[in-house]
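> Just to be clear, the model below is a prediction. Sequence and coordinates:
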Amino acid sequence: MIRSILIILFLAVFFLLGILIWGVTWVIGRFHPYKRDIICLRTVQMAFKIILWISGVKVDVYGEENVPKDQAVLYIGNHRSYFDIVITYARCPRLTGYVAKDSMLKIPFLRTWMKLLHCLFLNRKDLKEGMKMILTGIDQIKNGISMCIFPEGTRVRTDIETDMLPFKEGSLKMAEKTGCAIIPMALVHTADIFEKHVPFVKKTHVILMYGEPIYAKELDKDKRKHLGAYTQDVIRGMLEEALEMQL
């Protein structure tokens, strides 16, 4: 329980300091928007690394050399925990926005930080708004900002690490329309940190594996047509590989 309390206290302090940080970045942003964005990125990454340290989470990372450092990409991963965002965002080499549920807009402070970090909010019930969100994501990638989506749409709650919900094909449109690389991510044991024993946060050893870039234009017609399913099969293979590494 002590880890959970320490994380709550840290977040409270961070959000209070955030008011000061917002003021500083607002001034910087008037003259150097890119510098403002980088400051926000590194600040939140530092905060996430502290949260992982408090949580006692050890992350083994494989395949990070597959992530291009000089171009925007679309990260696609399986989703079992809130900590999936903490773990993956802490390692983004460049500006990256995440796609989140629009219900996150109801949370003060958090929504401000997410907007500063180029996150987008998806209304699952409104197809028109969903399309607008995808078009905004396409523009962001064209402007050099990577995007990250968990295409299952929600967290998987089974005990089998390779279980996934079907990937929503629309989630891959940003890569199809921009030609950017899809970077598959496989996350193992992240639910063991928190979700399996709420409200306790427990020391956990997790694996984050990055797969080789996937370029939609280089795939055959059938794989391009079912790009979500193809990417999901790639990630499932990565999950199996990660689990075998622990045997």
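Nice, I can see it.

> And what about residue 75, helix, strand or coil?
Under DSSP: H, G, I helix; E, B strand; the rest coil, residue 75 falls in the strand class.

> Just the strands from the chain, written as ranges.
57-62, 73-77, 96-101, 120-122, 146-149, 181-188, 204-210 (DSSP state E).

> closest to residue 16 out of these?
Of all the strands of the chain, it is strand 96-101 that lies closest to residue 16, at 22.8 Å by C-beta to C-beta. In this view, the C-beta of every residue, glycine as well, is placed from N, C-alpha and C.

> Relative to that closest one, what are the paired strands and their orientations?
Paired with strand 96-101 in the same sheet, following DSSP bridges, are strand 120-122 (parallel), strand 146-149 (parallel).

> Quick one, which of the strands of the chain gets closest to residue 44.
Residue 44 lies closest to strand 96-101 among these, at 10.4 Å (C-beta to C-beta).

> Need the outlier residue of the protein, farthest from its centre.
The centre of the chain is farthest from one residue, residue 31, which by C-alpha atoms, centre = their mean lies 28.7 Å away.

> one step back: residue 86: which of the strands of the chain is closest?
Minimum separation from residue 86 across the strands of the chain (C-beta to C-beta) falls at strand 57-62, 8.4 Å.

> Mean confidence (pLDDT) on that closest one, please.
Taken as a whole, strand 57-62 has a mean pLDDT of 97.

> got it, and stretch 189-205?
Across stretch 189-205, the average pLDDT comes to 95.

> for stretch 116-136, same thing?
What stretch 116-136 shows for mean pLDDT is 90.

> now stretch 66-86
97.

> cool, and stretch 27-47?
The average pLDDT within stretch 27-47 is 95.

> Only the buried residues of that stretch, if you could.
28, 29, 36, 37, 39, 40, 41, 43, 44, 45, 47 (16 or more other C-beta atoms under 10 Å).

> per-residue confidence at the residue lying closest to residue 77 once chain neighbours are set aside?
Nearest residue to residue 77, sequence neighbours excluded (C-beta to C-beta, 6 or more residues apart in numbering): residue 185, at 3.5 Å. Residue 185 is assigned a predicted lDDT (pLDDT) of 98.

> Provide the partner residues of residue 185 in its beta bridges.
residue 77, residue 210.

> measure it to residue 88 for me?
The spacing between residue 185 and residue 88, counted by C-beta to C-beta, to the nearest Å, is 6 Å.

> before we move on, what about residue 50?
Going from residue 50 to residue 88 by C-beta to C-beta gives 16 Å.

> hang on, the earlier thing: want to throw the strands paired with strand 96-101 into JSON lines with distance to residue 161 and mean neighbour count?
Below are these laid out as JSON lines (distance: least, C-beta to C-beta, whole Å; neighbours: other C-beta atoms under 10 Å):
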{"stretch": "strand 120-122", "distance to residue 161": "26", "mean neighbour count": "20"}
{"stretch": "strand 146-149", "distance to residue 161": "20", "mean neighbour count": "26"}
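
> would you turn those strands into CSV with distance to residue 212?
Compiled in CSV, the strands paired with strand 96-101 are given as follows (distance: least, C-beta to C-beta, whole Å):
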stretch, distance to residue 212
strand 120-122, 26
strand 146-149, 17
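
> Relative to residue 4, which of these is closest?
Of all the strands paired with strand 96-101, it is strand 146-149 that lies closest to residue 4, at 25.5 Å by C-beta to C-beta.
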